[in-house]
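In: output the structure for:
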Amino acid sequence: MSIMRLLVCLLIGFSLTACGDDSEQSSQKSSSNVTTQSQAAKAIMPSQGPSASSGAGGVSVTLLPENPTKSNCLRAIVQGTPGRSAIIWKLNGEVVSSGVSAGFCSDKLKRDDLVTVEVGTIDQGAKASVSIVNSPPRVVDISSTPAEIFAGVDISVVPVAEDVDGDSVDFSYQWLINGDANPLLVDATLPGNSFTKGDTIKVQIVPNDFYDDGPLYESYETYIPNAAPQITSQPPQAITSLDYRYQVVATDLDDTAFKFQLEEAPQGMTINEETGLIQWNLVEAAPGDHTIAIVVTDPDGAEAAQEYSLTLSPSGAN
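Out: Residues are numbered from 1 along each chain as shown. Below you'll find the model as predicted:
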């Protein structure tokens, strides 16, 4: 090294800039300085990630999550070493936090707000901004009617939705019968004639707040059981002849064939097991009070019952 070059280096006081053969020593001093500043910057949570902005002095900062909602806390991820560790958070241009916190949470956030973070200085720092996006709604529960479901009975569901932004929520529906989606079954009510005994049904619901669709909600699978028969006829209110007749009528949402029986009846009264016609010749019938108990059974063993009383006077009339 020439004498003149040596004098220049001495005059600048052994600057961190490399001076001829002293570059290795200068590099070691610079490395030590970065290490010290990195320790101070650990509160800024340095990490690798997609860069949201660039800054001065090789510093950049990213805000996560990239598409925050009002429910999210934001996090500043800094790359490089800022001139100082102070972090400033701004909401719509107004300073709301200043210190070393790399996280920001606020219950005052709302959709379309602009959150900005500034790290370091103008010469050695960075800043990034992100807008608060819409919070999609979600279905948290559903209720259905009726409580007992059988083939032939319409089923209606009422979803309960949650929307953090307080938006009105609309719903789209898709019913699945035995796991298959029918493109015609897309209303809140499932017609009772669209399924039969033994089928399985469930409903898929997608909420929408007129900004975004929320996550798909799928109900539990429901098995359609056998429906019990019902006796819809009423016995005669009066005896008008000596040949008592009563046609028992039963209906069933699943079946049309039944077995009719008399569990209790006065002597001489009979019922046709297939048609349900009751007959009783009153000529030799004993006077007094008589109880009649009828049972109707469907092919799956479900039953319906009807019980009533007849009073016969000694003359044969009630």
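
In: and stretch 104-118, what's buried?
Out: 104, 106, 109, 111, 113, 115-118 (16 or more other Cβ atoms under 10 Å). C-beta: built from backbone N, CA, C; applies to glycine.

In: closest one of those to Ala161?
Out: Arg111 (16.9 Å; Cβ to Cβ).

In: tell me which element the closest one falls in.
Out: For Arg111, there is no host helix or strand (DSSP states H and E).

In: OK, contacts around it?
Out: By Cβ atoms under 8 Å, 6 or more residues apart in numbering, Arg111 lies in contact with 69-70, 132-135, 165.

In: in strands, which of the buried residues of stretch 104-118 fall?
Out: Counting by DSSP state E, the part of the buried residues of stretch 104-118 found in strands is 104, 115-118.

In: so where's this protein uncertain?
Out: Residues of the chain meeting the criterion pLDDT under 70: 1-54, 315-318.

In: next, name the residue at the spatial heart of it.
Out: In the chain, the centroid-proximal residue (Cα atoms, centre = their mean) is Val139; its distance is 3.6 Å.

In: sheet-wise, list the partners of the helix or strand containing that residue with their directions.
Out: Counting by DSSP H and E, the element that carries Val139 is strand 138-145. Its sheet considered, strand 138-145 pairs with strand 155-162 (antiparallel) by DSSP bridges.

In: re the thing from before, just name the closest of the buried residues of stretch 104-118 to Gln247, please.
Out: Closest to Gln247, out of all of those and judged by Cβ to Cβ, is Arg111, at 68.0 Å.

In: what about the closest one, distance to Phe195?
Out: For Arg111, the distance to Phe195 equals 41 Å [Cβ to Cβ, to the nearest Å].

In: likewise Lys108?
Out: 49 Å.

In: likewise Asp298?
Out: Going from Asp298 to Phe195 by Cβ to Cβ gives 18 Å.

In: the one helix or strand Ala128 maps to pairs with which strands?
Out: Using DSSP H and E, Ala128 sits within strand 125-131. Here strand 125-131 is paired, per DSSP bridges, with strand 114-120 (antiparallel).

In: circling back to that earlier point, give me the more crowded residue out of Asp298 and Phe195.
Out: Each of Asp298 and Phe195 has its neighbours counted (other Cβ atoms under 10 Å); Phe195 has more, 24 against 21.

In: list the contacts for that one?
Out: So Phe195 contacts 151, 177, 201, 224 (Cβ under 8 Å, 6+ apart).

In: likewise for Asp141?
Out: With contact set as Cβ under 8 Å, 6+ apart, Asp141 has these partners: 159-160.

In: with Thr69 instead?
Out: So Thr69 contacts 111, 132-135, 164 (Cβ under 8 Å, 6+ apart).

In: redo that, cut-off 10 Å
Out: By Cβ atoms under 10 Å, 6 or more residues apart in numbering, Thr69 lies in contact with 109-111, 132-136, 164-165.

In: how about Val169?
Out: Neighbouring residues of Val169 by Cβ under 10 Å, 6+ apart: 136-139, 159-163, 207-210, 214.

In: now for these: which two are most distant?
Out: Largest separation among those by Cβ to Cβ: Val160 and Phe210, giving 18.3 Å.

In: now the contacts of Phe195 as TSV including secondary structure?
Out: Converted to TSV, those look like this (DSSP: H, G, I helix; E, B strand; the rest coil):
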residue	secondary structure
Ala151	coil
Ile177	strand
Ile201	strand
Ile224	coil
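
In: closest to Thr270 among the residues you listed?
Out: The closest of those to Thr270 turns out to be Ala151 (Cβ to Cβ; 33.0 Å).

In: does the closest one touch Ile224 like I think?
Out: Yes - with contacts counted by Cβ atoms under 10 Å, Ala151 reaches Ile224, the gap being 5.7 Å.

In: what about the two, which has more around it?
Out: Set Ala151 next to Ile224 and count neighbours by other Cβ under 10 Å: Ile224 wins out with 23 against 19.

In: surely the more buried one and Lys202 touch.
Out: No - the pair Ile224 / Lys202 is not scored as a contact, 11.5 Å apart, by Cβ under 10 Å.

In: overlap of the contact sets of those two?
Out: What both Ile224 and Lys202 touch, as defined by Cβ under 10 Å, 6+ apart, is the set 177-178.

In: contact partners for the closest residue to Thr297 other than its chain neighbours?
Out: Nearest residue to Thr297 in three dimensions, chain neighbours excluded: Lys259, at 4.6 Å (Cβ to Cβ, 6 or more residues apart in numbering). Counting by Cβ under 10 Å, 6+ apart, Lys259 touches 229, 250, 273-274, 276, 295-299, 301, 303.

In: returning to what we had before: distance to Leu184 added to the contacts of Phe195, as JSON lines?
Out: JSON lines is the format used below for these (distance: Cβ to Cβ, whole Å):
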{"residue": "Ala151", "distance to Leu184": "18"}
{"residue": "Ile177", "distance to Leu184": "11"}
{"residue": "Ile201", "distance to Leu184": "14"}
{"residue": "Ile224", "distance to Leu184": "19"}
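
In: no more questions from me, cheers.
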